[in-house]
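Asker: I need the structure of the sequence given here:
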Amino acid sequence: MGDYALLYILFAPFVGALALIFVSNRQAMLVRGIAAGSAFVSLIASIYLFYAYDPVKGGFQFIQKFEWSRQLGISLYLGVDGIGTPLVLASSILLFAGIFVSWHVKDRTKEFYIWILILAAATIGVFMSLDLFFLYFFYEMSVIPMYLLLGMWGSHTKKYLEMTDPEGLKQRDSVGFIFNFGSNSKEYAAMKLVLFLSAFAVAALMGILLIYKYSGLNTFDILVLREQAHLMNIPVLGTTLDKIIWVLIFFGFASIAPLWPLHSWSPVGHAAAPAATSMLHAGVLMKLGHFSIIRVAFEILPETTREMMPMAAVLCMFSIIYGGFVAFYAKDTKYVIGYSSSSHMGYVFLGMAALDYISLSGAVIYMFAHAMATGMLFAMAGWVYDQTHTRDIPSLGGLSNKMPFISACFVVGCMASIGMPGTVNFIAEIMIIVGSWNKYPLQVIVAVLGIVLTLAYLFKMMRGLFYGPMDQKYSHSHDAVSAVDRLPLLIMISVSVGFGLFPMHLYNVVRSGVDPLIARITHVVPVAAAPAPLPPAESVQEQLAARGVQLHQERMTE
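Answerer: As a prediction, this is how the structure comes out:
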């Protein structure tokens, strides 16, 4: 596998999707087998990549580069560092688990699996891209499958199904109820997702094109741009070009994160999406925003990042508290988990905003941890919906008698989301809180209150679903008993608890990517006054030592 691991991970889902085109829907088991096989190849290669990544060496590893347009400076340039590696692994795990969560899909099974494979491959492509053109290309590619998966295999909300016109007739006009957020159709959710993400993606594209034009390097290569792009101190519209680019990049990608107030498309999309789509949506699609901001804004505009990130520290408080309170009062299982995910993404922004080694490492680990926890919850919410055909929490209850395995797994999923010791979420939350305290104590207090709020709404949902009296009309529901039904939950639980108990390799991998990035941001020298570049160092400690020698020489000269 070796140096070609990235190609196996990225192209195995694409090959699987291509193979499915030539298979008939009447061959359902063959369709599922091809989808599972391609996802399995990607997963095995991701596991190899994760454990073969050398934290001591650090930097970008397993690099593959293919020229696409030399005149425009575009290449299919793939590589992973300590930040991208765990997110690639999370994408492959959720893809493999999602294939089995969707094992009982009967409506256009082939097409469903084709779009699931393309969605996962697109997210993996973003995490691997070292070329701005292809980073944006894969980012936009992920939107198309989401639209089709929601619009074709999604579900309407309970309130939408109950809507009537003044004469009491059934009404299905979602456009007429565009401001009635509790009465959404799956078509409305799909269109809202596409409009939000596409509109803000255009802003991000403008930022990328400004980097390309004003860097003067005629390349989209991120590694070249981060070392040679001089975008500071160019006056534009009463400010400087670097700040305009940074704002376009930040808010363009923050919409998918989703950061308040750009979040409203996300819970609606969660509510409408089938279970596997919700898993990938919350698990990895939302992380494309954080990752793209780190890869573009942090890498190419480090000094501007240091100046502008306090804005994110303010907005993340609203994300945490607003999402938490809405989740507490929501009565739809997917709305609860969806708003919970929006709230928890505020913790990632807090870790990023503090610009500390510990906090940013915690933010990256939290992206991985949240993918596993929310993947579990959405998979089980999908199972409950398939058995009861409702997501209305007040009408449910007592399901633990019929679903002991699902209810037990649901407890583990809730514990992971809260951040109980023994799960990888606990490690990530502690790192974010400790690393952010010195710079943003108010935000940390809000974050701790958000954890308490998470405990309240998740336990409220768990009690409403699995305990108390059960309506007899749900007596036909049954537990997950087959290996196919239990496998995805056991995989995600094992990963969450396994890395919670043995986190050191994950921690070392992440730190190998975070340390040089934070050193670059916090010790950056303004471009206008930058001295001759330092010789390359093998570690962060050597970089800082070399910088100290340089400052000493400057003082002696003075």
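Asker: just the strands in this protein please.
Answerer: 61-69, 74-80, 235-236, 239-240 (DSSP state E).
Asker: and the second one, which residues are buried?
Answerer: In terms of neighbour count (16 or more other CB atoms under 10 Å), strand 74-80 has its buried residues at 74, 75, 76, 77, 78, 79, 80. Quick note: C-beta positions are derived from backbone N, CA and C, even for glycine.
Asker: Just send these back as a markdown table, with distance to residue 516 too.
Answerer: A markdown table is the format used below for the buried residues of strand 74-80 (distance: CB to CB, whole Å):
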| residue | distance to residue 516 |
| --- | --- |
| 74 | 26 |
| 75 | 22 |
| 76 | 24 |
| 77 | 19 |
| 78 | 19 |
| 79 | 14 |
| 80 | 14 |
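Asker: Turn the residues you listed into JSON lines, including pLDDT and distance to residue 387.
Answerer: What follows is the buried residues of strand 74-80, written out as JSON lines (pLDDT from 0 to 100; distance: CB to CB, whole Å):
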{"residue": "74", "pLDDT": "88", "distance to residue 387": "49"}
{"residue": "75", "pLDDT": "87", "distance to residue 387": "49"}
{"residue": "76", "pLDDT": "88", "distance to residue 387": "44"}
{"residue": "77", "pLDDT": "88", "distance to residue 387": "46"}
{"residue": "78", "pLDDT": "90", "distance to residue 387": "42"}
{"residue": "79", "pLDDT": "90", "distance to residue 387": "44"}
{"residue": "80", "pLDDT": "91", "distance to residue 387": "39"}
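Asker: Tell me the one among the residues you listed nearest to residue 48.
Answerer: residue 80 (12.1 Å; CB to CB).
Asker: which residues touch that closest one?
Answerer: Residues in contact with residue 80 (CB atoms under 8 Å, 6 or more residues apart in numbering) are 6, 49, 53, 60, 61, 62, 88, 127, 128.
Asker: next one: residue 396
Answerer: Residues in contact with residue 396, defined by CB under 8 Å, 6+ apart, are 384, 388, 390, 464, 465, 471, 474.
Asker: can we see that at 7 Å?
Answerer: Taking CB atoms under 7 Å, 6 or more residues apart in numbering as the contact definition, residue 396 lies against 388, 390, 464, 465.
Asker: how many other residues sit next to the last one?
Answerer: It refers to residue 465. Residues contacting residue 465 under the criterion other CB atoms under 10 Å number 25.
Asker: Ignoring the adjacent residues along the chain, who's closest to it?
Answerer: residue 396 (5.3 Å; CB to CB, 6 or more residues apart in numbering).
Asker: what about the one you found, distance to residue 466?
Answerer: From residue 396 across to residue 466, the span is 8 Å (CB to CB, to the nearest Å).
Asker: Show me what the closest residue to residue 130 other than its chain neighbours is bridged to.
Answerer: Ranked by CB to CB, 6+ apart and with sequence neighbours excluded, the top spatial neighbour of residue 130 is residue 77, at 4.2 Å. Residue 77 forms beta bridges with residue 65, as assigned by DSSP bridges.
Asker: Next one: residue 77 relative to residue 514, how far apart?
Answerer: 21 Å.
Asker: Check residue 244 too.
Answerer: 27 Å.
Asker: Now the phi/psi pair for the closest residue to residue 386 other than its chain neighbours, please.
Answerer: Closest residue in space to residue 386, ignoring its immediate chain neighbours: residue 104 at 7.1 Å, by CB to CB, 6+ apart. Main-chain torsions, residue 104, degrees, to the nearest 10: phi -100, psi 10.
Asker: Neighbours of residue 104, how many?
Answerer: Taking other CB under 10 Å as the definition, residue 104 ends up with a neighbour count of 12.
Asker: Can you read off the pLDDT for it?
Answerer: With respect to pLDDT, residue 104 scores 83.
Asker: With the one 3 residues further on instead?
Answerer: Model confidence at residue 107, expressed as pLDDT, equals 79.
Asker: ok, it - contacts?
Answerer: residue 153.
Asker: roughly how far apart are it and residue 153?
Answerer: From residue 107 to residue 153 the distance is 7 Å (CB to CB).
Asker: Compare residue 244 and residue 514 (neighbour count), which wins?
Answerer: Higher neighbour count among residue 244 and residue 514: residue 514, with 27 against 18, using other CB under 10 Å.
Asker: surely the more buried one meets residue 355?
Answerer: No: checked against CB atoms under 7 Å, the pair residue 514 and residue 355 is beyond contact range at 10.4 Å.
Asker: Which residue, neighbours along the chain excluded, lies closest to residue 126?
Answerer: Leaving aside its chain neighbours, residue 126 sits nearest to residue 138 (4.6 Å; criterion: CB to CB, 6+ apart).
Asker: Isn't that neighbour up against residue 122?
Answerer: Yes: if you go by CB under 7 Å, residue 138 and residue 122 touch, sitting 4.9 Å apart.
Asker: Would you mark the buried spots in the longest helix anywhere in the chain?
Answerer: Longest helix in the chain by number of residues, with DSSP state H as the criterion: helix 357-388. Residues of helix 357-388 classed as buried by neighbour count (16+ other CB under 10 Å): 357-385, 387-388.
Asker: Can you spell out which helices and strands pack onto that helix?
Answerer: Judged by 3 or more CB pairs under 7 Å, 6 or more residues apart in numbering; DSSP states H and E, helix 357-388 is in contact with helix 84-101, helix 275-280, helix 333-354, helix 404-418, helix 424-437, helix 483-501, helix 504-522.
Asker: How far off centre is stretch 234-248?
Answerer: From the chain centre to the centre of stretch 234-248 is a distance of 28 Å (CA atoms, centre = their mean, to the nearest Å).
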